[in-house]
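Trainee: sequence first, predicted model second:
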Amino acid sequence: MNQRIYQLISFLLNYPTEEMIDILPEIEMEVEGQSNSQIKGNIKQFIQQSKEMSLDDWIMHYIEHFDFGKLTNLYVTYLKLGEQRERGLELLKLKKYYEAHGFEVTDKELPDYLPVILEFAANVPVEVSNELLAMHHQAIGEIHGKLVENNSYYRLLFEALFLCMEENGVTAAALDEA
């Protein structure tokens, strides 16, 4: 079930559109089947807050937190490496990692874009998704911290994501042992 939650969070982290608004009721119904009440509650609360905004306000919130914020953009290698040459190597490694597991990456989005990572995590065995999410756990945590600091309701999706990761075995303790 957590693999499906990765898919839903990936979708909800994309740029808001009319189509996304139209699909929110379906996502709410899907989340109802989630056994973890915290994950369910966070996603439902995110959806509710999204529905209470106009599309323009939702877009502005998204842009403010992800398009203009260097500290809160959704590219997990950017926080650590910025535009340095090493980032290109990390992106290439990530693309090769996806390909090694049968996941084709398009040129539409960089491979370190969190919704792409979550899409991948939703479609591979838990062990593989855990390995990838563990690699980027710190960066995802930094994005979450900035969203909390800026009082963005997108923090709810990150909290649900961390709960899913923890249920699947990606925890701070497990990372320390690695």
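Mentor: Sure, I can see it. Residues are numbered from 1 along each chain as shown.

Trainee: so which helix or strand of the chain has the lowest pLDDT on average?
Mentor: Least confident helix or strand, the chain: helix 172-177 with a mean of 50, by mean pLDDT, DSSP states H and E.

Trainee: how many residues are close by residue 35?
Mentor: Residues within reach of residue 35, counting by other C-beta atoms under 10 Å, total 9. C-beta: built from backbone N, CA, C; applies to glycine.

Trainee: try residue 18
Mentor: For residue 18, using other C-beta under 10 Å, the count is 8.

Trainee: which residues does it contact?
Mentor: Counting by C-beta atoms under 8 Å, 6 or more residues apart in numbering, residue 18 touches residue 55.

Trainee: can you tell me how far residue 126 sits from residue 38?
Mentor: 19 Å (C-beta to C-beta, to the nearest Å).

Trainee: wait, a helix at residue 57?
Mentor: Yes - looking at residue 57 with DSSP: H, G, I helix; E, B strand; the rest coil, it is inside a helix.

Trainee: that one: neighbour count?
Mentor: Neighbour tally, residue 57, other C-beta under 10 Å: 12.

Trainee: from residue 64, how far out is it?
Mentor: 10 Å.

Trainee: quick one, helices of the chain?
Mentor: 2-12, 18-32, 37-52, 55-62, 78-81, 85-100, 114-122, 126-135, 137-149, 155-167, 172-177 (DSSP state H).

Trainee: okay, buried residues for the first one please.
Mentor: Just to be clear, that refers to helix 2-12. 2, 3, 5, 6, 7, 8, 9, 10, 12 (16 or more other C-beta atoms under 10 Å).

Trainee: which residues are in contact with the closest residue to the last one other than its chain neighbours?
Mentor: Here the nearest residue to residue 12 in space, its sequence neighbours aside, is residue 157; by C-beta to C-beta, 6 or more residues apart in numbering that works out to 5.7 Å. With contact set as C-beta under 8 Å, 6+ apart, residue 157 has these partners: 9, 12, 13, 42, 43, 46.

Trainee: next: residue 19.
Mentor: Residue 19 neighbours (C-beta under 8 Å, 6+ apart): none.

Trainee: so for it, what's the pLDDT?
Mentor: Looking at residue 19, its pLDDT stands at 96.

Trainee: the chain should start at 41 in everything you say after this.
Mentor: Got it, the first residue is 41 from now on, which makes the last one we talked about residue 59.

Trainee: could you measure from it over to residue 92?
Mentor: 19 Å.

Trainee: repeat that for residue 170.
Mentor: Residue 170 is 35 Å from residue 92, by C-beta to C-beta.
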